[in-house]
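Asker: Fold the following for me, if possible:
(chains A, B, C and D)
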2 protein chains.
Amino acid sequence: MNRRDRNSDDLELFELLEKLGELTDATGIPELLGRLLDIYGLKTVAYLGSGVTAQPGQSPYLAVTYSNEWVDHYKAQRFVDIDPTVQIGMRRMLPIDWDELDRADEDVRRLFGEAKEFGLGRRGISLPVHGQHGDRALVSITSDASDRDWRYLRLHYMRDFQMLALHMHQAILRLEGKTVEQARLSPRERECLLWVAEGKTAWETAVILGLSEHTVRCYLESARHKLGAANNTHAVNKAGKVGLLTQLP
Amino acid sequence: MNRRDRNSDDLELFELLEKLGELTDATGIPELLGRLLDIYGLKTVAYLGSGVTAQPGQSPYLAVTYSNEWVDHYKAQRFVDIDPTVQIGMRRMLPIDWDELDRADEDVRRLFGEAKEFGLGRRGISLPVHGQHGDRALVSITSDASDRDWRYLRLHYMRDFQMLALHMHQAILRLEGKTVEQARLSPRERECLLWVAEGKTAWETAVILGLSEHTVRCYLESARHKLGAANNTHAVNKAGKVGLLTQLP
DNA sequence: CCGGAATCCGGTGTATCTGCCGGATTTACG
DNA sequence: CGTAAATCCGGCAGATACACCGGATTCCGG
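Answerer: Predicted coordinates for the structure are as follows:
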């Protein structure tokens, strides 16, 4: 693959980031992924998000340039359970080069073998993304670059896609409506909920804040109503997801 | 400031990342921060980490190139409570340019005014980092670049420091020996906790999962013990922070 | 073969939560 | 000047959570 001029790539990167921030619905995502393939000379790009949708226990969010055949085959074979890029990648912070993965397992070698047949590149990188409340994503790219090029390219891929992955995750969170309906809690309501989230009872919270237990209960009730929560546990979960409980040092 | 050759900067970046990965004790950090100032022509660099030490409720981890006077003054004035770079930066995913911050507040203007007197640059960016276990960090850089240069530089700073911030955080986690005592919940425990987090009662959860109410209570009790939580609310909060409620099966 | 973990089920007494009733003052905003 | 929101306080009945007691089978690895 020919190395392109760095600065022209840079411009395209920043334009793409801007586009990601301006997306208004999910239909634009495949086109953006396609442009990534062109700009960086990649074989495939994939986004796998977990905890980005509102409902629990939902299947993960998927946006890929893979063929439908590969996606179907992957699902049918339950590859996700053994795929080291997912199993390892989702449990670390730094990006990982697929060359570093352990391929001792028979099933794993089969996975990579079949992946190649379905059009994935020989080289790959997966970049983990960590959101604010347990939401996570994994952006994986593959390439057919030569060994010599790869040594050089992988570092630049890691750098650019670290940004791209983050912005992509943010965009998808936004599109999935995770950032809307930000309920506004009063300081006292937030404070009470904060201590309840730490496992304190209403009585303990009252002592901590120097209030009557009944007052604390009232604040909690109010907070539940504002958040549309069925109980304190639900309220803590909802508030936590939108960053209302992020207490600072 | 003169723009340096991109590729030479790139090499230095990747060397720095490697050095960060090889650090064996915290004494090497100030030197690394100093090199960042040289390489990127910055005025200051600062790392603020929360939840990186083993014990909870500890004071945040700080590694800065600021003068001691500024750090002392900042603490004495309790600036952290009003500092928008911290208040906003710690609550978002994407980096933020200090120019975008709201400076309507009188105290905020005083903060930025005094910061300049103590040697911080006129321009700044803060980059949030999210770890796997609810740990967070904020890497802030300042510069005295001209308006024209800044427009160009900020994007490249954001890109390089996105990586640097991540690796810096990872290095500090490693040096602080942050034990990954990630509680391991059984699938059933996780499932029960998931529905309780959605506001369901034990009885409702039992119906959803096709179990007896008592069994659900047992799983929840077990989950509480594993997580060291005082009650279900506490357990949901703890599990949510570390992604136990959103991760793949 | 044995220990541990995961999957299930039942009961009981007490603590806590939740919803709903009532009241109050202060502050901010149009 | 009225209205709304935030800050506080009290009580009560029923639902729910919590801890601690007991039991069971299955599966996996040492």
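Asker: A:Met168 is in contact with A:Leu23, correct?
Answerer: No. The pair A:Leu23 and A:Met168 fails to qualify as a contact (Cβ atoms under 8 Å) at a distance of 9.6 Å. Bear in mind the C-beta positions are built from the backbone N, C-alpha and C, glycine included.
Asker: Three-state assignment for the nearest residue to A:Ile39 once chain neighbours are set aside, please.
Answerer: Leaving aside its sequence neighbours, A:Ile39 sits nearest to A:Glu12 (Cβ to Cβ, 6 or more residues apart in numbering or on different chains; 5.0 Å). Following DSSP: H, G, I helix; E, B strand; the rest coil, we place A:Glu12 in the helix state.
Asker: Up against DNA strand C, what does chain A have?
Answerer: A:196, A:201-203, A:217-218, A:220-221, A:224, A:230-233 (Cβ under 7 Å from any atom of the strand).
Asker: out of these, what pair is the most spread apart?
Answerer: Using Cβ to Cβ, the two most remote members of these are A:Trp203 and A:Ala230, lying 21.8 Å apart.
Asker: returning to that earlier point: now, of the residues of chain A next to DNA strand C, which are buried?
Answerer: A:196, A:202, A:217-218, A:220, A:224, A:231-233 (16 or more other Cβ atoms under 10 Å in any protein chain shown).
Asker: wait, which of these is closest to DNA strand D?
Answerer: A:Cys218 (4.9 Å; Cβ to the nearest atom of the strand).
Asker: mean confidence score for the helix or strand hosting A:Asp149?
Answerer: If you go by DSSP states H and E, A:Asp149 is part of helix A:147-175. For helix A:147-175, mean pLDDT rounds to 94.
Asker: all strands of chain A, in order?
Answerer: A:44-50, A:61-64, A:96-97, A:123-130, A:136-143 (DSSP state E).
Asker: Tabulate those in a markdown table, adding columns for mean pLDDT.
Answerer: Output for the strands of chain A, formatted as a markdown table (pLDDT from 0 to 100):
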| stretch | mean pLDDT |
| --- | --- |
| strand A:44-50 | 96 |
| strand A:61-64 | 95 |
| strand A:96-97 | 96 |
| strand A:123-130 | 97 |
| strand A:136-143 | 97 |
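Asker: all helices of chain A, in order?
Answerer: Assigned by DSSP state H, chain A shows helices spanning A:6-22, A:29-40, A:68-76, A:84-89, A:106-117, A:147-175, A:187-197, A:202-209, A:213-227, A:232-241.
Asker: dump the residue contacts of A:Arg109.
Answerer: A:Arg103 (Cβ atoms under 8 Å, 6 or more residues apart in numbering or on different chains).
Asker: check contacts around A:Glu198.
Answerer: Contacts of A:Glu198 (Cβ under 8 Å, 6+ apart): B:234, B:237.
Asker: name the helices or strands packed onto the helix or strand of chain A with the lowest mean pLDDT?
Answerer: Least confident helix or strand of chain A, by mean pLDDT, DSSP states H and E, is helix A:6-22 with a mean of 84. Contact partners of helix A:6-22 among helices and strands, from 3 or more Cβ pairs under 8 Å, 6 or more residues apart in numbering or on different chains; DSSP states H and E: helix A:29-40, helix A:147-175, helix B:6-22, helix B:147-175.
Asker: List the contacts of A:Leu166.
Answerer: A:129, B:93-94, B:162.
Asker: gap between it and B:Leu127?
Answerer: According to Cβ to Cβ, to the nearest Å, A:Leu166 and B:Leu127 sit 10 Å apart.
Asker: tell me, what's touching those two both at once?
Answerer: Common neighbours of A:Leu166 and B:Leu127 (Cβ under 8 Å, 6+ apart) are B:Gln162.
Asker: Pretty sure A:Gly134 is one of the things A:Gly51 touches, is it not?
Answerer: Yes. The pair A:Gly51 and A:Gly134 passes the contact test of Cβ under 8 Å, sitting 5.5 Å apart.
Asker: Outline the domain layout of chain A.
Answerer: Structural domains assigned to chain A are A:6-175, A:187-241, following automatic domain parsing.
Asker: do you know which of the ones you listed lies nearest DNA strand D?
Answerer: Closest to DNA strand D of those, according to Cβ to the nearest atom of the strand: domain A:187-241, at 3.2 Å.
Asker: tell me the mean pLDDT for the closest one?
Answerer: On average, domain A:187-241 scores 93.
Asker: Can you confirm whether that domain lies near DNA strand D?
Answerer: Yes. Applying Cβ under 7 Å from any atom of the strand, one finds domain A:187-241 in contact with DNA strand D at A:187-189, A:211-212, A:214-215, A:217-219, A:222.
Asker: roughly how far out does that domain sit from the chain middle?
Answerer: 29 Å (Cα atoms, centre = their mean, to the nearest Å).
Asker: gap between the two ends of that domain?
Answerer: One end of domain A:187-241 to the other measures 18 Å (Cα to Cα, to the nearest Å).
Asker: who's more crowded, A:Leu23 and A:Met168?
Answerer: Legend: neighbour count by other Cβ atoms under 10 Å in any protein chain shown for A:Leu23 and A:Met168, higher for A:Met168 (27 against 17).
Asker: Was I right to think that one contacts A:Tyr47?
Answerer: Yes. The pair A:Met168 / A:Tyr47 is scored as a contact, 5.7 Å apart, by Cβ under 8 Å.
Asker: Please see if stretch A:207-217 touches chain B.
Answerer: No. Against chain B, stretch A:207-217 shows no contacts by Cβ under 8 Å from any Cβ of the partner chain, the least distance being 13.3 Å.
Asker: distance of A:Leu127 from B:Met163?
Answerer: Relative to B:Met163, and taking Cβ to Cβ, A:Leu127 is found at 10 Å.
Asker: which phi and psi does the residue lying closest to A:Gln132 once chain neighbours are set aside have?
Answerer: Spatially, and ignoring its direct neighbours in sequence, A:Gln132 is nearest to A:Gly243 (5.5 Å; Cβ to Cβ, 6+ apart). Reported as degrees, to the nearest 10, the phi and psi values for A:Gly243 are phi 80, psi 10.
Asker: Tell me which residue of chain A lies closest to DNA strand C.
Answerer: A:Asn231 (2.8 Å).
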